[in-house]
Structure formats: C-alpha cells, structure tokens
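Here is a sequence together with a model predicted from it:
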Amino acid sequence: MEFSAILAAAYEDLGYQSSPATEVVTRLKRYVNEGLQALLAEPGIDRLLEADVPFTFDSVANQAQYAVPDGHAYLRRIMDTTNDRWLASMSVADYRLFSPDATAVTGTPSHYVPLGRVPVAVQPSNASSLFVDSTSASDTNTAYLEGIITGGYKRTASVTMTGTTAIDISSAIASWIEVTDFYLSAAAIGTVTLHEDASGGTELARITIGQKRPSYQGFYLWPTPGGVSTYLVDTRRELELLVNDTDEPPLPRDFHPMLVKYATYRDWEKKDDSRAELAKQQYDTWLSRLKYRLHQTGDGVPVAGRRGVGISRLGGYYPVDTVIR
C-alpha cells in the first residue's frame, strides 16, 4: 500500500470524509509514521532495514578512526575482506584501556569500536584552520562550526559561504583540534565540504544536496591499522519517513494494513474512544504475525552454527569450510 492508500483506509475506518480537514491529515500522517518508527525499532523487525549493499572502505596506515556516511543508523558487522576475518566489537572503555595512545600499537585490526553518531568523518590531524566550499555557486548561506581549539577551549564560528570558492570558517582561529558540530543555515544546493588547512586539504565532512548537516556513524579500528586493507561494513539503514503519496513502508506488503490499525488506535485514543482498545488488539495481532513470519526465515540461527558454513584460514590440511570457533 502506498502512503495515500494507508491514509485513505484510516480516514474510512475513523469515519472521516475522503478529504478531511488539514489538521486531521497532518495528525494521521504523524500517527502512521510514528507507528512505522515504533515497529521498526522492535527487536528482530529492525533487520528489515539492513542495507542491501555493504559500505566499503580502505584502511589508512596509522589512522585509527573511520566513519560510515549519512543514511546508516548503526553498524551491524565489519569484515576485513583482505584477510577474510570478521572483526569483533569492543567497547570504548576497553579501547581506552588497551589503547590510550592509538598510534602506539599498530597491526591488523581484530576489533572495531562503535562511537555512534559523529559530526565528521575524521577529526583534524593537528591544530588547523578549517575551510568550507560547495560544488554549487548558489551556496551562499551561512556555515556554522562548533569545536575545540588547542588547550581544550570551546569555540564557535560562522562564515558566509562563497559558493565554489573555499573560505576560512574563521580567519581568527587556526588551531581547531576537534569538530563537535558543523551545519548550514539552509539546505545545501550543491555538495558542501569541510576541509583541513585549505581548499583541497583533507576532507573532514560532507553535507549532501538537500541536507543541512552531515551525519556519520563513527568507529575506531583496533589495533590501529598498520597498512591498507579493504573492509565491508554491514549497517542498518536510517528509516525514511513516509512523505509523498507514492511512498511505501519498508514492510512486507501484506503487512501494510497494520499501519492503518495503528493510526486508528492512536486517533481513537486521543478522543478517549473505547474503540481504541480493539484497534490496539488488532494491531498487536498483526505485530505478532509479522514477528512470526520473520522468525520463520531462520534469521535467529547464527550462520557460524550451521554445519558446513564457514571460512577457513588454517591452511591446506583443513577443509575449506572449516568453522573457526
């Protein structure tokens, strides 16, 4: 069902006209999206948002921090395809314990350390000036930056962009060591980038067309890579809310009606209508059926636990599908 069909069914079930008042339309659109968000936050159901294509990147010698760009909600797995190994997850606390100086220990990473949402892909390599530019001459709005300068002091700065010509975010500050936020006063017309030292310097962050700020899922590799390897990152995509009439929810199509039930439940609940309880029961029935459907796919069985599935790095004396435990 498209968004317009879901709304039309909710209008009918709730007794509204086919074209109800604007406030009703706005409220029910919010309820449908609220239901979609709650549904895809359920354990097991959130896998419906797993990215179809893994994010790929190459490590850089002596660089510990990396990031997955906008559109990814969180990391699921990271695989070193150069060495055919999955990386284990490590907490930030353990990372600080084992690696207080990230540059002190280098080698082939065995772990990754999720950092959650971060404002830039990489932080400045040293105390630097920061520059901003765009691929469009029409980007002449204001760029804002919040961060830390040498000595640990917080500073903020802003500058009016000059389109494709790079401009210093603050001519008075040349000692940025950390960026804590970077955003625009209006949505980017072109691709806006933040660079270290000068135009064409190391790219720290990128704001894509139509967005006002960058968004990354950051992580460390441990130990810090000593060379170049290629990695695949499985992620859960960010949920895109239903906006246009032709948008469809990322659910099996035969379960789209459950969003109608959620919207009717919420609207009747707002009106203190006794029918809210029945609508909620109907929604819960749909939810249990969806969970059962997804469970039937066998998703709950770890691949490494299935006989004959695995990657062997033990040499020619072992079968190629030997599972390493």
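Perfect, I can see it now.

The residue nearest to Gln17 when sequence neighbours are not counted: neighbouring residues, count only.
Excluding the flanking residues, the one nearest Gln17 by Cβ to Cβ, 6 or more residues apart in numbering is Tyr11, at 7.1 Å. In short, each C-beta sits where N, CA and C put it, glycine included. Using other Cβ atoms under 10 Å, Tyr11 has 21 other residues around it.

In contact with Asn141, which residues?
Residues counted as contacts of Asn141 (Cβ atoms under 8 Å, 6 or more residues apart in numbering) are 160-161, 184-186.

can we see that at 6 Å?
184-186 (Cβ atoms under 6 Å, 6 or more residues apart in numbering).

Show the pLDDT at Leu314.
On pLDDT, Leu314 comes in at 60.

Ala279 - that's part of a helix, no?
Yes. Under DSSP: H, G, I helix; E, B strand; the rest coil, Ala279 sits within a helix.

That one reaches Tyr265, doesn't it?
Yes. With contact defined as Cβ atoms under 6 Å, Ala279 reaches Tyr265; the gap is 3.7 Å.

Residues in contact with the helix-or-strand element of the chain with minimal mean pLDDT: which ones?
Every helix and strand in the chain was compared by mean pLDDT, DSSP states H and E; the lowest is strand 72-80, with a mean of 87. Strand 72-80 is contacted from outside by 86-87, 112, 114, 217, 229, 231-236, 238, using Cβ under 6 Å, 6+ apart.

wait, which of the residues you listed is closest to Ser136?
Lowest distance from Ser136 to these (Cβ to Cβ) belongs to Glu238, with 24.3 Å.

which residue sits closest to that closest one, ignoring its sequence neighbours?
Nearest non-adjacent residue to Glu238, counting by Cβ to Cβ, 6+ apart: Ala73, 4.9 Å away.

I'd like to know how far the one you found sits from Pro114.
For Ala73, the distance to Pro114 (Cβ to Cβ, to the nearest Å) stands at 12 Å.

For the two, work out which one has more neighbours and name it.
For Ala73 and Pro114, the more surrounded residue by other Cβ under 10 Å is Ala73, and the numbers stand at 18 against 15.

tell me the domain ranges of this protein?
For the chain, the structural domains run 3-40+241-295, 48-119+218-237, 130-213, going by automatic domain parsing.

These: lowest mean pLDDT?
domain 48-119+218-237 (a mean of 90).

Can you give me the end-to-end span of it?
End-to-end distance for domain 48-119+218-237: 9 Å, by Cα to Cα, to the nearest Å.

Ok, stretch 169-188 next?
End residues of stretch 169-188 are separated by 16 Å (Cα to Cα).

before we move on, back to that, return the member of the contacts of strand 72-80 nearest to Leu130.
The closest of the contacts of strand 72-80 to Leu130 turns out to be Gln217 (Cβ to Cβ; 21.9 Å).

name the element that closest one belongs to?
Assigned by DSSP states H and E, Gln217 belongs to strand 216-222.

What are the contacting residues of that strand?
Residues from elsewhere that reach strand 216-222 (Cβ under 6 Å, 6+ apart): 64-69, 72, 75, 90, 95, 99, 109, 111-115, 118, 121.

In helices, which of these appear?
Judged by DSSP state H, helices contain the following of the contacts of strand 216-222: Tyr95.

and the contacts of strand 216-222, which are buried?
64-68, 72, 75, 90, 95, 99, 109, 111-113, 115, 118, 121 (16 or more other Cβ atoms under 10 Å).

thought Arg275 was touching Asp267?
No. In this structure Arg275 lies outside contact range of Asp267 using Cβ under 6 Å: 9.7 Å.

higher neighbour count, the two?
Set Arg275 next to Asp267 and count neighbours by other Cβ under 10 Å: Asp267 wins out with 22 against 15.
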